[in-house]
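In: 3D, please:
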Amino acid sequence: MLLAIDTATQHSSVALHDGSRLRAECTWESVNRHTVTLLPRVVQLLASCELGPQDLTAIGVCIGPGSYTGVRIGVSVAKGFASARKLALVGVSTLDILVASQPPSPGHLYATFAAGRTRVGYARYRWRQDGWQAESGVQVVSWGELVEAVASDTTPDLLPVVVGELGAELRDALRPLFGRVKIPAPAWHLRRAGFLADIAWERLHANQRDAPSALLPLYAR
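Out: Model (predicted):
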């Protein structure tokens, strides 16, 4: 049984995956309460499936980028579980989890996360035959700079898609591009630990796992 943990931003999510199906999942708005909400949710999730920590065999964790405190808490708890119980551990980046849930689209996809102080982090993806592939590294810019990047990428036939935790300020900044950019419905912007669990299982099967002592958070710069 794999436990997936994601506390990288204002929303947190945990999930249980047995390798063939998603057994349970919980996503909530944690804001600055990651420390006090994470472990109770994990306990509740395990109990809902009549399981305990002794039933876990692997941990998947979001390693960022995102909130400095949020990323650190999730990674610390995951490493603690993995070290204490000798569990397999897999780290997955924030934006890879987000784009895993997005349907195919012919234009670029801009996956975003709040970087604080009127700044936003993003990476640009393109749909290929086997899924979304990153075409850029993570960049941290002002809202205006993100809008400029998206605006320069719009064509009548290939509208870019922008997803992520888009706060009111970023939505206002994107307003001049409405009609030239796709903003999915709210559910598509939510990062879910079920997708993190799917990715982690794939990497485990490919023998791509991380040592607890070597797994480090990714922080936005």
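In: Can you spell out the domain ranges of the chain, please?
Out: Taking automatic domain parsing as the criterion, the chain consists of the domains 2-93+191-205, 102-189.
In: Turn the ones you listed into CSV, columns for distance to Tyr219, mean pLDDT and mean neighbour count.
Out: Just so you know, the C-beta spots here come from the backbone N, C-alpha and C atoms, and that holds for glycine as well. Listed next are the domains of the chain as CSV, based on distance: least, CB to CB, whole Å; pLDDT from 0 to 100; neighbours: other CB atoms under 10 Å:
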stretch, distance to Tyr219, mean pLDDT, mean neighbour count
domain 2-93+191-205, 6, 96, 19
domain 102-189, 10, 90, 16
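In: between these, which gets nearest to Pro212?
Out: Among the domains of the chain, domain 2-93+191-205 comes nearest to Pro212, with 4.4 Å by CB to CB.
In: The closest one: how far from the chain's middle?
Out: Here domain 2-93+191-205 is found 11 Å from its chain centre; the criterion is CA atoms, centre = their mean, to the nearest Å.
In: can you check stretch 170-190 too?
Out: On CA atoms, centre = their mean, the centre of stretch 170-190 falls 18 Å from the chain's centre.
In: State the distance spanning the first to the last residue of that stretch.
Out: Using CA to CA, to the nearest Å, the gap from the first to the last residue of stretch 170-190 comes to 16 Å.
In: same check, this time on stretch 5-17
Out: One end of stretch 5-17 to the other measures 12 Å (CA to CA).
In: So Ala114 versus Pro53, what's the distance?
Out: Distance of Ala114 to Pro53, given as CB to CB, to the nearest Å: 32 Å.
In: Could I get the domains of the chain in a markdown table, plus columns for distance to Leu215?
Out: As requested, these are exported to a markdown table (distance: least, CB to CB, whole Å):
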| stretch | distance to Leu215 |
| --- | --- |
| domain 2-93+191-205 | 5 |
| domain 102-189 | 18 |
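In: Leu216: which of these is closest?
Out: Of all the domains of the chain, domain 2-93+191-205 sits nearest to Leu216, with 7.4 Å by CB to CB.
In: end-to-end on that closest one?
Out: Start-to-end span of domain 2-93+191-205 (CA to CA) is 13 Å.
In: Could you number the chain from 803 rather than 1 from now on?
Out: Okay, using 803 as the starting number, the last item reads as domain 804-895+993-1007.
In: Got phi/psi on the residue lying closest to Gln812 once chain neighbours are set aside?
Out: In space, and not counting its chain neighbours, Gln812 is closest to Val833: 5.3 Å by CB to CB, 6 or more residues apart in numbering. With angles defined as degrees, to the nearest 10, Val833 sits at phi 50, psi -110.
In: Then Gln941?
Out: Per-residue torsions, Gln941: phi -120, psi 140 (degrees, to the nearest 10).
In: Tell me who's in contact with it.
Out: Contacts for Gln941 (CB atoms under 8 Å, 6 or more residues apart in numbering) come out as Gly923, Tyr924, Ala925.
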